[in-house]
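[1] show me the folded form of this:
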Amino acid sequence: MKAAATIRGHTQGIHAAVTRGLSNGRDEGLNNKIRTMTGRSYGFHTQHAALALITLACGPIKIGLPYQK
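    Predicted coordinates:
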């Protein structure tokens, strides 16, 4: 009964996933990567250092040359 109610509640999302090929695999992979880095950052003195590590590994950091025209 609970499974049927869950499916009924998510019918639109299930239909969209099947017809459009949508998946949350990319989001789950990023979440796993961040959890792994959080575990590795155990022992950092501040949470800012852990956040900097996550931003460096996962963020869209673009470093341009200072004198590039």
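[2] pLDDT weak spots in the chain?
    Residue ranges of the chain with pLDDT under 70: 61-69.
[3] residues contacting the residue most central in space within it?
    Nearest residue to the geometric centre of the chain (CA atoms, centre = their mean): L30, 3.3 Å. Counting by CB atoms under 8 Å, 6 or more residues apart in numbering, L30 makes contact with C58. From N, CA and C alone the C-beta is placed, and that goes for glycine too.
[4] quick one, phi psi at it?
    Per-residue torsions, L30: phi -70, psi -40 (degrees, to the nearest 10).
[5] mind telling me what element I7 is part of?
    helix 2-9 (DSSP states H and E).
[6] run the chain-centre distance for stretch 19-31.
    9 Å (CA atoms, centre = their mean, to the nearest Å).
[7] could you list the alpha-carbon positions for that stretch in CSV?
    Extracted C-alpha coordinates of stretch 19-31, given in CSV (Å, rounded to 0.1, in the frame of the first residue of the first chain):
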residue,chain,number,x,y,z
THR,A,19,9.9,9.7,-21.6
ARG,A,20,12.7,12.3,-21.5
GLY,A,21,15.5,10.1,-20.2
LEU,A,22,16.0,12.2,-17.1
SER,A,23,18.3,11.0,-14.3
ASN,A,24,19.7,12.4,-11.1
GLY,A,25,22.9,10.4,-11.5
ARG,A,26,25.1,13.4,-12.0
ASP,A,27,23.7,15.0,-8.8
GLU,A,28,24.3,11.8,-6.8
GLY,A,29,27.8,11.6,-8.2
LEU,A,30,28.6,15.1,-7.1
ASN,A,31,27.1,14.5,-3.7
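[8] ok, back up a step: buried set for the helix or strand just after the helix holding I7?
    Using DSSP H and E, the helix or strand that follows helix 2-9 in sequence is helix 11-20. For helix 11-20, the neighbour count (16 or more other CB atoms under 10 Å) marks no residue as buried.
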